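# pasting the sequence and the predicted coordinates here, then a few questions.
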Amino acid sequence: MRVLIICGSPRKGNSENIASRLSSIFSGLGVENEIIFLRKHNVLPCEGCVEYCNKHYKCKHNDDMGGILKKILAADGLVLVSPNYFGMPPGIFKNFIDKCSVLYTKKYFTGKPDLSAKKAVVIAVGTDKPFLGEMIHNIKDNFLSTLGIETVATAEFITKSELKGNYNELFERDSSVLPMLKEMAEKLVKALS
Ligand SMILES: Cc1cc2nc3c(=O)[nH]c(=O)nc-3n(C[C@H](O)[C@H](O)[C@H](O)COP(=O)(O)O)c2cc1C
């Protein structure tokens, strides 16, 4: 079993800390896993040239997205962790989402890849409660569902770590966070077993 954790924050912050904790949890469960920090990758914005990807079933850009898509296809489980920016994911995460449309295009025209065996977990991070649910809805129902991937667990974390200059603040303040992450990891593993 292989899990790919994708972190959509443009900075080293709360989402990144949550992704790293989850990675340790998966390793502890004996699950092979890898984190992709999108901020460290070159994923160019989708140019909307569907004439190209409809014909070639790949993006015309020679950026890092080709490698990321291969990792998605090789993974059984996906964990998407992202900050909330106005009820939406940040630009780098949205670029990633748009570039995943190649998977949909290919499936639409060729019937492959069938992604329905993959399962996902979606985590939203923000300083306030409003719009966190909306962001999860955007990722879970508008993005993952379109690709045919079921989301088996979601979570919303409110953190003000950055205001305190301590990215462990969430974990130090709320002792239920780590068990919650463990529960979600176990749920994903169970759904894939
Ligand atoms: C452009 C921008 C928009 C944001 N919009 C929201 C928002 O609508 N609601 C919210 O709760 N937090 C908002 N935030 C705060 C981030 O969600 C918060 O700082 C989060 O912890 C960042 O995650 P990170 O530390 O993983 O980068 C925004 C931050 C930025 C930079």
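Great, that's in hand.

# and Y85, how many neighbours?
17 (other C-beta atoms under 10 Å). In this view, the C-beta of every residue, glycine as well, is placed from N, C-alpha and C.

# residues contacting the residue nearest to the spatial centre of the chain?
The centroid of the chain falls nearest to L80 when counting by C-alpha atoms, centre = their mean (1.9 Å). For L80, the contacting residues are 6, 8, 120-123, 139, 144, by C-beta atoms under 8 Å, 6 or more residues apart in numbering.

# okay, and the beta partners of it?
Here L80 sits in beta bridges with I6, V122, going by DSSP bridges.

# who are the contact partners of D98?
By C-beta under 8 Å, 6+ apart, the neighbours of D98 are 45-46.

# hang on, it in a helix?
Yes: counting by DSSP: H, G, I helix; E, B strand; the rest coil, D98 is located in a helix.

# how much space separates it from T146?
12 Å (C-beta to C-beta, to the nearest Å).

# ok, T110 next?
Distance, T110 to T146, by C-beta to C-beta: 17 Å.

# the two: who's more crowded?
Higher neighbour count among T110 and T146: T146, with 14 against 9, using other C-beta under 10 Å.

# and the more buried one, what helix or strand is that in?
helix 145-147 (DSSP states H and E).

# which residues touch that helix?
By C-beta under 8 Å, 6+ apart, helix 145-147 touches 100, 103-104, 107, 115, 151.

# cool, and stretch 60-76?
So stretch 60-76 is in contact with 1-4, 6, 34, 36, 41-44, 47, 49, 52-53, 58-59, 78, 96, 99-100, 102-103, 113, 117-119, 192, going by C-beta under 8 Å, 6+ apart.

# among those, which are in helices?
Residues of the contacts of stretch 60-76 located in helices (DSSP state H): 52-53, 96, 99, 102-103, 192.

# got TSV for those residues, with pLDDT and neighbour count too?
Below are the ones in helices among the contacts of stretch 60-76 laid out as TSV (pLDDT from 0 to 100; neighbours: other C-beta atoms under 10 Å):
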residue	pLDDT	neighbour count
Y52	95	16
C53	93	21
F96	98	26
K99	97	22
V102	96	21
L103	95	20
L192	98	17
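
# and the contacts of stretch 60-76, which of them are buried?
3-4, 6, 36, 43, 52-53, 59, 78, 96, 99-100, 102-103, 118-119, 192 (16 or more other C-beta atoms under 10 Å).

# which secondary structure elements does the helix or strand of the chain with the lowest mean pLDDT contact?
Between all helices and strands in the chain, the lowest mean by mean pLDDT, DSSP states H and E belongs to helix 161-164, at a mean of 80. Using 3 or more C-beta pairs under 8 Å, 6 or more residues apart in numbering; DSSP states H and E, the elements in contact with helix 161-164 are helix 14-28.
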